[in-house]
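what shape does this take:
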Amino acid sequence: MSDMKKLAIIATKGSLDWAYPPFILASTAAALGYDVQIFCTFYGLQLLKKKLNLEVTPLGNPGMPMPLGMDKWFPVALTALPGMQAMMTSMMKKKMASKGVASLEELRELCQEADVKLIACQMTVDLFEMDTSEFIDGVEYAGAAAFFEFAGESDICLYI
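Residues are numbered from 1 along each chain as shown. Next comes the predicted model:
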């Protein structure tokens with residue numbers, strides 16, 4: 001049995017703001033010497049697509065800081081207006097770039113270079129009839145039982 005610490009992450013979300021935590025935590029843990037696996041299931045499978053077309057939505061996300069103090073005066077219901085999600089996504093991407101935050105593609109590449117194992121939930125791929133040619137190279141396909149073999153021995157398990 002290896003003395004290497006292990007981190008198991010279950011990624012279930014497919015929006016821009018929820019895509020960052022698995023990759024940031026995985027790349028950091030790998031840099032610290034952890035053996036890391038990210039199990040992407042349901043909407044988390046979006047993180048494995050070659051073309052990342054993820055958006056952020058302020059609707060139903062009351063903790064999202066809004067520009068110009070909009071969270072104080074802009075009614076939440078109006079965030080459902082057409083074009084608001086695209087606008088908020090654009091604003092978030094610009095904010096991240098201005099602060100020097102790496103792109104999702106860069107973070108994902110960093111994870112792959114650090115030997116983070118990216119696993120697509122086979123059951124979800126089958127359920128949604130997803131085209132695996134849309135996924136990046138290096139993705140492994142497995143069921144929950146296979147992931148639990150790793151997660152059961154992990155020092156840290158995160159559900160994101």
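
ranges for the helices of this protein?
16-31, 70-73, 84-98, 104-113, 122-127, 144-151 (DSSP state H).

any idea how far the spatially most central residue of the chain lies from residue 159?
Against the mean C-alpha coordinate of the chain, by C-alpha atoms, centre = their mean, the closest residue is residue 19 at 2.6 Å. Per C-beta to C-beta, to the nearest Å, residue 19 is found 15 Å from residue 159. Where you see a C-beta, it was placed from the backbone N, CA and C, and this is true even at glycine.

before we move on, what about residue 144?
Distance, residue 144 to residue 159, by C-beta to C-beta: 12 Å.

who has more neighbours out of the two?
residue 144 (15 against 9; other C-beta atoms under 10 Å).

output the lowest mean pLDDT helix or strand found in this protein.
Using mean pLDDT, DSSP states H and E, the weakest-scoring helix or strand in the chain turns out to be helix 70-73, at a mean of 56.

how near is residue 110 to residue 21?
According to C-beta to C-beta, residue 110 and residue 21 sit 14 Å apart.

in terms of neighbours, single out the busier of these two.
It is residue 110, of residue 110 and residue 21, that has more neighbours when counted by other C-beta under 10 Å, with 18 against 14.

got the contact list for the residue nearest to that one when sequence neighbours are not counted?
Counting by C-beta to C-beta, 6 or more residues apart in numbering, residue 27 is the residue found nearest to residue 110 once chain neighbours are left out, at 4.7 Å. By C-beta atoms under 8 Å, 6 or more residues apart in numbering, the contact list for residue 27 reads 107, 110-111, 114, 116.
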